[in-house]
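> predicted model and sequence below, questions to follow.
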Amino acid sequence: MRTALAEVFDWGEIQGITRAAIGEDRWFRAYDRKGAEAPITDAGGWATVLYKPHGAVAPAGNFLLADSDYVEVLTEIDIQGPIPGAVRLRRQGRGFLFLGCRFHDQLLRTYARQIMKRSRGPHFAVMGDDVPTRNEIRFLRGQGIIPVAGGLADFVTELVA
């Protein structure tokens, strides 16, 4: 997605971080389109926000990896603390596009459900070429998420074009 958005002038990225390992008092970090860390307040002014709640390799290698990371986030997520204000504000009138997310695990479904909470929709998911599991299908239907046919690479290629 960073490549697909490279030509867009006004965008930034928010990534979830593990707080325990690095002693952070915040749940996420923000990065401008060049990959430099930015104040989270900048995110409110970006035309496009790329939200990666589980973290990502680029630009800084932030990840939620361990069960303890998810337990900590899910303990607070019901009150929406781990969700950035820019995401909370934008979701009021929009839905989510999940790219490359699988919902085969209860933890991932719970996390996604909380992120979508209080959002308008519609929601879409590009999950890849693998056949969704029975639990994924039930989750998609229950949350009103429309699966997009095709693989993630094909979707991104079309988006870039």
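That came in fine, so what should we check first? Numbers count the residues shown, from 1 in each chain.
> quick one: strands adjacent to the helix or strand harbouring G12?
Following DSSP states H and E, one finds G12 within strand 11-16. Note on strand 11-16: by DSSP bridges, its sheet partners are strand 28-32 (antiparallel), strand 48-52 (parallel).
> look up which residues are beta-bridged to the most centrally placed residue in the chain.
The C-alpha lying nearest the average C-alpha coordinate of the chain belongs to K52 (CA atoms, centre = their mean; 3.6 Å). Beta-bridge partners for K52, by DSSP bridges, are Q15.
> so who does it touch?
E13, I14, Q15, G16 (CB atoms under 8 Å, 6 or more residues apart in numbering). For the C-beta atoms, the positions are set from N, CA and C on the backbone; glycine is no exception.
> so what's D78 up against?
Q114.
> D10 and V126, how far apart?
24 Å (CB to CB, to the nearest Å).
> ditto for V148
Counting by CB to CB, the gap from V148 to V126 is 5 Å.
> quick check: neighbours shared by these two?
In contact with both V148 and V126: F155, using CB under 8 Å, 6+ apart.
> gap between the host helix or strand of L89 and the chain center?
Taking DSSP H and E as the criterion, L89 maps to helix 85-91. Put simply, helix 85-91 sits 12 Å off its chain's centre (CA atoms, centre = their mean, to the nearest Å).
> report the helix or strand with the lowest average pLDDT across this structure.
Sorting the helices and strands of the chain by mean pLDDT, DSSP states H and E puts helix 19-22 at the bottom, at a mean of 64.
> now the strands for the protein?
Taking DSSP state E as the criterion, the chain carries its strands at 11-16, 28-32, 37-38, 48-52, 55-56, 62-63, 97-99, 123-126, 145-147.
> deepest of those, which one?
strand 11-16 (a mean of 23; mean count of other CB atoms under 10 Å).
> cheers, nothing more for now.
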